[in-house]
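Asker: Build me a structure from this.
(4 chains)
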Protein chains: 4
Amino acid sequence: MAYKDEQLNEEKVFKDPVHRYIHVRDRVIWDLIATPEFQRLRRIKQLGTTNLTFHGAEHSRFNHSLGVYEIVRRIIYNFKDREHWNNDQRLLCMCAALLHDLGHGPFSHSFEKVFKLDHEYFTQQIILGDTYVHKILERVRPGFSQDVADVIGKTYSDKLVVSLISSQIDADRMDYLQRDAYFTGVSYGHFDMERILRVMRPKEDQVVIKSSGMHAVEDYIMSRYQMYWQVYFHPVTRSAEVILSKILHRAKELYENNYEFKLKPTHFLSFFSGDVSLDEYLKLDEGIVHYYFQLWQEEEDEIIRDLCERFINRRLFKYVEFNPNKQMNEWMKLHKLFLEIGVDPEYYLVVDSSSDLPYDFYRPGEEEERLPIHLLMPDGSLKELSRHSEIVESISGKKRTDHKLYFPKDILEKISDKKKANEIKEILYGQGDVFDVK
Amino acid sequence: MAYKDEQLNEEKVFKDPVHRYIHVRDRVIWDLIATPEFQRLRRIKQLGTTNLTFHGAEHSRFNHSLGVYEIVRRIIYNFKDREHWNNDQRLLCMCAALLHDLGHGPFSHSFEKVFKLDHEYFTQQIILGDTYVHKILERVRPGFSQDVADVIGKTYSDKLVVSLISSQIDADRMDYLQRDAYFTGVSYGHFDMERILRVMRPKEDQVVIKSSGMHAVEDYIMSRYQMYWQVYFHPVTRSAEVILSKILHRAKELYENNYEFKLKPTHFLSFFSGDVSLDEYLKLDEGIVHYYFQLWQEEEDEIIRDLCERFINRRLFKYVEFNPNKQMNEWMKLHKLFLEIGVDPEYYLVVDSSSDLPYDFYRPGEEEERLPIHLLMPDGSLKELSRHSEIVESISGKKRTDHKLYFPKDILEKISDKKKANEIKEILYGQGDVFDVK
Amino acid sequence: MAYKDEQLNEEKVFKDPVHRYIHVRDRVIWDLIATPEFQRLRRIKQLGTTNLTFHGAEHSRFNHSLGVYEIVRRIIYNFKDREHWNNDQRLLCMCAALLHDLGHGPFSHSFEKVFKLDHEYFTQQIILGDTYVHKILERVRPGFSQDVADVIGKTYSDKLVVSLISSQIDADRMDYLQRDAYFTGVSYGHFDMERILRVMRPKEDQVVIKSSGMHAVEDYIMSRYQMYWQVYFHPVTRSAEVILSKILHRAKELYENNYEFKLKPTHFLSFFSGDVSLDEYLKLDEGIVHYYFQLWQEEEDEIIRDLCERFINRRLFKYVEFNPNKQMNEWMKLHKLFLEIGVDPEYYLVVDSSSDLPYDFYRPGEEEERLPIHLLMPDGSLKELSRHSEIVESISGKKRTDHKLYFPKDILEKISDKKKANEIKEILYGQGDVFDVK
Amino acid sequence: MAYKDEQLNEEKVFKDPVHRYIHVRDRVIWDLIATPEFQRLRRIKQLGTTNLTFHGAEHSRFNHSLGVYEIVRRIIYNFKDREHWNNDQRLLCMCAALLHDLGHGPFSHSFEKVFKLDHEYFTQQIILGDTYVHKILERVRPGFSQDVADVIGKTYSDKLVVSLISSQIDADRMDYLQRDAYFTGVSYGHFDMERILRVMRPKEDQVVIKSSGMHAVEDYIMSRYQMYWQVYFHPVTRSAEVILSKILHRAKELYENNYEFKLKPTHFLSFFSGDVSLDEYLKLDEGIVHYYFQLWQEEEDEIIRDLCERFINRRLFKYVEFNPNKQMNEWMKLHKLFLEIGVDPEYYLVVDSSSDLPYDFYRPGEEEERLPIHLLMPDGSLKELSRHSEIVESISGKKRTDHKLYFPKDILEKISDKKKANEIKEILYGQGDVFDVK
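Answerer: Predicted coordinates for the structure are as follows:
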């Protein structure tokens, strides 16, 4: 029997708290899960530093990747009465679902920003490069790995397949909303996925939603909105991200200035120099990063030492609401005062902004566009969701941005020049409350 | 106001998936949670290698410690109408609950066995030594840290307080059963804790259970039984534990034989030599261990290299049912054959046994005794649970042991001496099935 | 001890699927629950005919009334650190919560419309009249029953107390949304009530919400919105309501025309004549109504016979979207055609409209106004919710109305004049789909 | 297309709180659900008087019947890879599942005991008699209704089919345990049904369980045990059952003594005389019974009046533990004393016993035998569950009986002969506590 048609003797299952069970019958899927590249996802948290805010959020990207696969498996199963999908298409969807996040590294967001990396690039590299994953995909048929890479890269010709993995209501989002809600314990993030799956219809180049299921989709959109503001953009998490980024910045800066680290940061060298090979990339996981951060708590350099100590022991920065566009004056004054009291504002006075676009219709030409959601009306026509749902319309395309200024309140309390300290506090607390960061 | 009476301006809460919210009002508790020693628990998984079997089981000991604190807080709250507890007793219980697992290191079970350590010893050290935790406890009143240590060590004079933290139905067990069930996603581990808390009554030197709540307690006992056999003793988890132990063994052996590691295993040296200081102990967490295991994948020594590669990439050993007491002959034959094919049986042929005592009544003189559960009968008398409950009686004191023999099936497939390979297989598979380890 | 201060020896609990347990300590509450007037609520479904759409929705008003009491009990408990409420106020709130729906009869909505009744009037009657409930309330202190009636009637002087029972975010709504979601099984209706209770603050004459809890309130508002359109206004439920109303109409009409019922409808006579005494009102429950409907299946009158048979056996009307304001012509044509084919349009061609106002701010002078939700800002000021929440703003004050035309599709299929039948169908199905009513 | 092969255009679903959705594709199933005989099950509570103890338990037999159908549908779906079942067998199973409780009347237990009825007899009558259900079944093929009746009656030749509907672990039990747990809100009754369905294997004449799923089955058995003692045999429910039975007894007695009822109890006459036609049987539902009980509150006869008033207003009897075998003397004394104080012991001094056999292996010759549960061992052999599971073994075949003596405490409080009252109380309360019946 051809490898691509091979079925396991007995269906295997993974116990999953979100989807109850994840079912695997295809040998290909089973083999992909067993690769070192996929197992590596166990060592990378799905939500990075969020567990410093919500202690339950310790789940890995391995978790989420299995979940996305399972949702796609169920969607395809539901479709099978309606459309003949051949086995190649079926496997293509499921492999792309399973592998879509393969290139994520530890604390992706901060690493990508500081070291100018792109996890999607590494996903492609892993799928197409000299890896176990690649070998398995090519056993399906020559060229299969390229097709999987194209589906994930959204350049694959069959847009219906692409839309299962990335659209405004794809398997990726449906999994992470539910999963992140489950592990954080928040009451948002629940919606009737079973119903959404039941009202999904394949339609030429996209998946559309029977209009009778509109309310379930509204609920999903609202879940997303709430999860962004309650979980993903939580200021305590952002405070930890700020410190993390500053550690990476400082380490890079020290390296560039030929600072002598007590232990040579072997794993980081290629990141510092900006030339990361696939092999080096794959070696970095959260354990490695934590290892260095722990070592750096004992470095000579005071800034990296302090920041690492803060990150490891969760002594985070506090924050005030702060709009950099309107409060440039205050910011400049603070900057100057920080310099005067000997606290480097580059590392200890940080503006951070979050924004989200909860649901947006198609705007051609934009880079990050995702396909909009179309409703399938009783008469067979399609209608873009926000034209039918008042709630969605009300939040469509509204970008809300939230700015905060982060700083180490504890240090300010201890500076000896009380006059300057008071000036600083006046500016900061004139801005509003200093929220106690949990 | 005295430190011990200080309340936070506003109650703080942690969102917790198991207890919904964890409530903190006391400044002392808040400060303890913020210490580096307590924050360290975030970097140690509650269930060690179980996440290789149940991918959701990635929750930390930080999680569980907060949970135990919350349960004790609720119990004390329920008691307050019945019994006057002064604030010192109240804080004592809550601090002991919060800190009871403070001395756990990464993969405690294996580390303790291989390096002859005892996490309870380190818990005492952290509470009584030169630590942030110690300083905070002594601020409550001189001698308070010793009392907390005594409660955790079960030597404290007020046995009622001890029984909240360690008995057959203490806050520790009630939290971990529910929490481990939640994160693994299994359907066992649920019982009506709210009801159990409602029927708990303080009674001289122990907490007893109103007999009307007996069925809820039965349900709790059965949950425990099921969790042991379905989760805690799962053979795949044990397979990972076997490999982990063998890595530690091998590293120690190499060290003792003056093997030259590519990178000096600084963090492990004191463990190898058997003289671990508190400071060194606290530096070891799962990230550090993973760091070394990753490095060791590139060691010269073939055994440590192979075992680490197995652990990191989850290529575990397979297993057969095997009773070492009855099958000594087979074991000796296998041992000899493994030597002959050049596979070191010391590392690749491992018998592992699990056992559990789901509920046991008091047997004086035994070391690990936990207080039995007493029912408070309508006439005010006490009755030991297993004398009243048929189900509990049926499993009382029954120690069930389960033995398995672990080995690397993949290696056996590849050895060139087919005759010997077949002899080995015959013995192994004559024992029963080789279960496919997920 | 005064009756009002009497506590039960042991706290009593009711197992409740929604709030886990309902706790009773006050003798007064216990005694009120035991009265025949309160027990009667067991025989009246919370959601009338909704169980014909969602088969789980068979829960009674007894259920809901206990739930509202429990929520108010918890709110008051949370307040007790902040505000001194005396025992009289506490009991007043809890009694009003428990008794607020006491005057509901079977299928309230239809009965009230057809017979021009008002359940709030009967609630007042039961509390103030010669009933067990009244006697118990007056034992608390003379005049207490009047105060309870005033709180429920929203005329009580302390508006803070009133707002617990009826505002945009009162205990009534919080209970029914969660309860109706639980019993129907829909995934809407969930929100983080525990958090909302934690951020509620008593503030002069109303309960306000700490602004940090805004997202939980948004979630609650959205739950309400979804429950209205998915459950409360479900067209199948409305179809059953339409038939129910028409049965009552027909019975009244027959009575007024001196029609001779096979069994004299004793329980209905005062409803027909429009002069219902409290005693007669209390005797009517769903069992009685069903009894008559079953009997009337065997009446001579064809219309009442058919309608009852439809209601009992769930042979409901089908429907099309229909806007009576814009489609008057079509309606008149249909009316005429129905007369011509001998199907009485009065009973078999029915327009029904639903509308809801998910959240509205205060508009003085309107009758049904409920207090708006105010956020308590960090600086101590109050801000009306929709001015702070984009989502709420987007749906504030938007009344959405949904009209449908109901008719017996089965009868149309069977009429002999095929030409007329086709004319009718053309008009109806030209309007859109005839949805299959489950 | 033959009727039996007809599929609905679009799959229909019922929202179900227990199984999430109930799926219907077959026209036959859809038509059966729409029959008056099946719709009648909406008017009969699944748990009779249990809602007087657990107020959430108001769900109907309609609910449960759909649930059993859904479970069987899923089992057959799981089987379809393993065994070729033709469409006739498939429909047969599903119809039998859907209709297995069709003959239940209101408060079956009491009615059957008092009037010597058997709901299984009526199930057969409805399926085979002149009913809508019968006509639909015969449209499948002549003789099909007889086959359905045989499966339900356990006389059908294919025992595999029978075992899906009635065995120790059939769809009936799996549904009611979960459903009754959900609606009462108790934490028992949960088990991993999805896993059990996955490990079920068709094996000649029965469904067996793969031994790897044994723990899930143990959990199911324990659920059942707990539900029996916590819910089904709850003494408050039994108190209501006692009163209900006594009302029926009294009504029958009055009828036999030619007592003149204010309103002729038309619906009951055939029950009194012991000759109930199918038509009369189908007319009786809970609404009708409640109607009469309400009327009888105003009867001349003091006993029926009092008992009905108790039942309607939930003024139940209290109880003490009482073993009729060992305490015959006391019982006789009480009997005499009751007569002396003018309280008829026939109606007011009632011993009631419960018993359950949580799991039993096959004992040929016994009437109520259900097939035992067999495990399918790795070597292909079968092993009866209790020989493999210690827990199950411990409760196998153990019949536990619980006796209670019920009486109206309120009446005893009011009798004028204080000496006799004290004698009675001494005997009763010497027996133990009088538990306050909630």
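Asker: buried sites along stretch A:290-299?
Answerer: Neighbour-count burial for stretch A:290-299, counted by 16 or more other C-beta atoms under 10 Å in any protein chain shown, picks out A:H290, A:Y291, A:Y292, A:F293, A:Q294, A:L295, A:W296, A:Q297, A:E299. In this view, the C-beta of every residue, glycine as well, is placed from N, C-alpha and C.
Asker: Give me the neighbour count for the residue in the stretch 101-250 of chain A positioned nearest to chain D.
Answerer: At 5.8 Å from chain D, A:E194 is the closest residue in the stretch 101-250 of chain A, using C-beta to the nearest C-beta. Residues lying near A:E194 (other C-beta atoms under 10 Å in any protein chain shown) number 13.
Asker: D:D16 is in contact with that one, correct?
Answerer: No: here A:E194 does not reach D:D16: they are 11.3 Å apart, not a contact under C-beta atoms under 8 Å.
Asker: any residues touching stretch A:141-153, and which ones?
Answerer: Stretch A:141-153 is contacted by residues A:4, A:88, A:91-93, A:95-96, A:99-100, A:120, A:123-124, A:127-128, A:133-134, A:137-138, A:156-157, A:161-162, A:165 when judged by C-beta atoms under 8 Å, 6 or more residues apart in numbering or on different chains.
Asker: Export only the CA atoms of stretch A:43-52, formatted as CSV.
Answerer: Output in CSV follows, covering the C-alpha atoms of stretch A:43-52 (Å, rounded to 0.1, in the frame of the first residue of the first chain):
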residue,chain,number,x,y,z
ARG,A,43,9.3,23.1,24.8
ILE,A,44,7.7,26.3,23.6
LYS,A,45,4.8,27.8,25.4
GLN,A,46,1.8,28.8,23.3
LEU,A,47,1.4,32.1,25.2
GLY,A,48,5.0,33.1,26.0
THR,A,49,5.0,35.2,29.2
THR,A,50,1.3,35.1,29.8
ASN,A,51,1.7,32.5,32.5
LEU,A,52,3.2,35.3,34.6
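Asker: Keep only those of the contacts of stretch A:141-153 that are in helices.
Answerer: Using DSSP state H, the subset of the contacts of stretch A:141-153 located in helices is A:88, A:91-93, A:95-96, A:99, A:120, A:123-124, A:127-128, A:133-134, A:137-138, A:161-162, A:165.
Asker: At the contact with chain C, which residues of chain A appear?
Answerer: A:186-188, A:190-192, A:195, A:215-216, A:218-219, A:222, A:225-226, A:229-230, A:378, A:390-391, A:393-395, A:398, A:400, A:432-433 (C-beta under 8 Å from any C-beta of the partner chain).
Asker: just to revisit the earlier point, in which helix or strand would I find the residue of the stretch 101-250 of chain A closest to chain D?
Answerer: helix A:193-199 (DSSP states H and E).
Asker: Show me the helices in the stretch 201-350 of chain A, by range?
Answerer: A:214-227, A:235-256, A:269-273, A:278-283, A:286-296, A:302-313, A:328-341, A:345-348 (DSSP state H, counting those that start in this stretch).
Asker: helices and strands around the last one, which ones?
Answerer: Spelled out, it's helix A:345-348. helix A:235-256, helix A:328-341 (3 or more C-beta pairs under 8 Å, 6 or more residues apart in numbering or on different chains; DSSP states H and E).
Asker: Just checking: what are the partner strands of the very next helix or strand once past that helix?
Answerer: Next in sequence after helix A:345-348, counting helices and strands by DSSP H and E, comes strand A:350-356. Sheet pairing of strand A:350-356 (DSSP bridges) gives strand A:400-407 (antiparallel).
Asker: Pick the most deeply packed of the helices and strands packed on helix A:345-348.
Answerer: helix A:235-256 (a mean of 22; mean count of other C-beta atoms under 10 Å in any protein chain shown).
Asker: and the residues of chain A next to chain C, which are buried?
Answerer: Using 16+ other C-beta under 10 Å, the buried members of the residues of chain A next to chain C are A:186-188, A:190-192, A:195, A:215-216, A:218-219, A:222, A:225-226, A:229-230, A:391, A:393-395.
Asker: hmm, back to that, could you pick out which of the buried residues of stretch A:290-299 are near chain B?
Answerer: A:H290, A:Y291, A:Q294.
Asker: The residue lying closest to A:D170 once chain neighbours are set aside: how many residues sit nearby?
Answerer: Excluding its sequence neighbours, the residue lying closest to A:D170 (C-beta to C-beta, 6 or more residues apart in numbering or on different chains) is A:L164, at 6.2 Å. Burial of A:L164 is recorded as 25 neighbouring residues (other C-beta under 10 Å).
Asker: so what's A:L164 up against?
Answerer: A:V72, A:I75, A:C93, A:A97, A:D170, A:A171, A:V207 are the contacts of A:L164 under C-beta under 8 Å, 6+ apart.
Asker: cool, A:S239 as well?
Answerer: Contacts of A:S239 by C-beta under 8 Å, 6+ apart are A:L316, A:F317, A:K318, A:Y319, A:Y406, A:V437.
Asker: Got the domain ranges for chain A?
Answerer: A:3-233, A:236-316, A:317-438 (automatic domain parsing).
Asker: How far does the second one sit from its chain's centre?
Answerer: Pointing back at domain A:236-316 there. 20 Å (C-alpha atoms, centre = their mean, to the nearest Å).
Asker: what does the first one give?
Answerer: Put simply, domain A:3-233 sits 12 Å off its chain's centre (C-alpha atoms, centre = their mean).
Asker: got any ranges where chain A has weak pLDDT?
Answerer: A:81-84, A:356-370, A:431-438 (pLDDT under 70).
Asker: Among the contacts of A:S239, which one lies nearest to B:N51?
Answerer: Within the contacts of A:S239, distances to B:N51 taken as C-beta to C-beta reach their minimum at A:L316, with 26.7 Å.
Asker: In chain A, which strand is the longest?
Answerer: strand A:7-16 (DSSP state E).
Asker: For A:K210, list each beta-bridge partner.
Answerer: A:L376.
Asker: What segments of the stretch 1-150 of chain A are strands?
Answerer: All strands of the stretch 1-150 of chain A, identified by DSSP state E, counting those that start in this stretch, fall at A:7-16, A:20-26.
Asker: which helices and strands sit right next to the first one?
Answerer: Taking 3+ C-beta pairs under 8 Å, 6+ apart as contact, the helices and strands that strand A:7-16 lies on are strand A:20-26, helix A:27-33, helix A:61-79.
Asker: Point out the other helices and strands that the second one packs with.
Answerer: The criterion is 3+ C-beta pairs under 8 Å, 6+ apart, and the helices and strands that helix A:27-33 contacts are strand A:7-16, helix A:87-99, helix A:132-140.
Asker: can you put the ones you listed in JSON lines and add distance to A:H234 and mean neighbour count?
Answerer: What follows is those, written out as JSON lines (distance: least, C-beta to C-beta, whole Å; neighbours: other C-beta atoms under 10 Å in any protein chain shown):
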{"stretch": "strand A:7-16", "distance to A:H234": "25", "mean neighbour count": "15"}
{"stretch": "helix A:87-99", "distance to A:H234": "28", "mean neighbour count": "22"}
{"stretch": "helix A:132-140", "distance to A:H234": "34", "mean neighbour count": "19"}
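Asker: Closest to B:K264 out of the contacts of A:S239?
Answerer: A:L316 (33.4 Å).
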